[in-house]
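coordinates only, sequence not included:
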């Protein structure tokens, strides 16, 4: 791929010159800074509403690559879904469209929560529909020391990663941890994260990137202000 300017500590990519595997590698290497899988899912895009080269899920293969990377799919599950997607490319395209719609709804729900506002009813409805679909494929199973949720009937189900991501979002929404969701204060960054700091003062999705760039901008502004204040300037 042709690399251009820096973006979140990485080189941006000229997607028009990428192969499919290049794009999937980009999705697989994306930083996971959200603290919850659903927030990392929301962070697979940036610079909304026009992500440009900040869109990491360009097709269904990218979704599978990222889902493996984030732990939403096991390797064997991803391999099976790749085979299913190859056999039914139109279904894979539809699943990808569903994934993008779910991701944007998840982003808006948690972004508004971070801002202290109420979520849009349409976004909650979409999330509820996906959670309902997921519930049809869950059953209780004994573990030897108790019980756990077990997925069933998911063979070839191209929406499987969406069901798990929707469940992750629903689980976070009903816990006190929702109050710790933040949106990055970095310039042009809308990534979400859980603020695990003791005084709940974290401002950046990643201090090594957005935080350091903000620090550099402040230092530059101070130097310019100091220079302008010198006599004779």
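Nice, I can see it. Computed from a predicted model, the values in this text were never measured in an experiment.

state the distance from residue 100 to residue 173.
According to Cβ to Cβ, to the nearest Å, residue 100 and residue 173 sit 20 Å apart. All C-beta spots, glycine's among them, are computed from the backbone N, C-alpha and C.

nearest spatial neighbour of the most centrally placed residue in the chain, skipping sequence neighbours?
When Cα atoms, centre = their mean is applied to the chain, the residue found nearest the centroid is residue 41 (2.3 Å). Of all residues not flanking residue 41 in the chain, residue 165 sits nearest, at 5.0 Å (Cβ to Cβ, 6 or more residues apart in numbering).

do the same with residue 192
residue 39 is the one closest to residue 192 (Cβ to Cβ, 6+ apart), at 4.4 Å.

mind telling me what element the one you found is part of?
Following DSSP states H and E, one finds residue 39 within helix 37-42.

can you check residue 193 too?
Using DSSP H and E, the element containing residue 193 is strand 192-194.

what sits up against that strand?
33-36, 39, 42-43, 107, 110-111, 114, 177, 180-184, 202, 205 (Cβ atoms under 8 Å, 6 or more residues apart in numbering).

that one pairs with which strands?
Strand 192-194 has the following strand partners under DSSP bridges: strand 181-183 (antiparallel).

how long is stretch 168-181 end to end?
Length of stretch 168-181, first residue to last, Cα to Cα, to the nearest Å: 14 Å.

so which bits of that stretch are buried?
Neighbour-count burial for stretch 168-181, counted by 16 or more other Cβ atoms under 10 Å, picks out 168-170, 172-173, 180-181.
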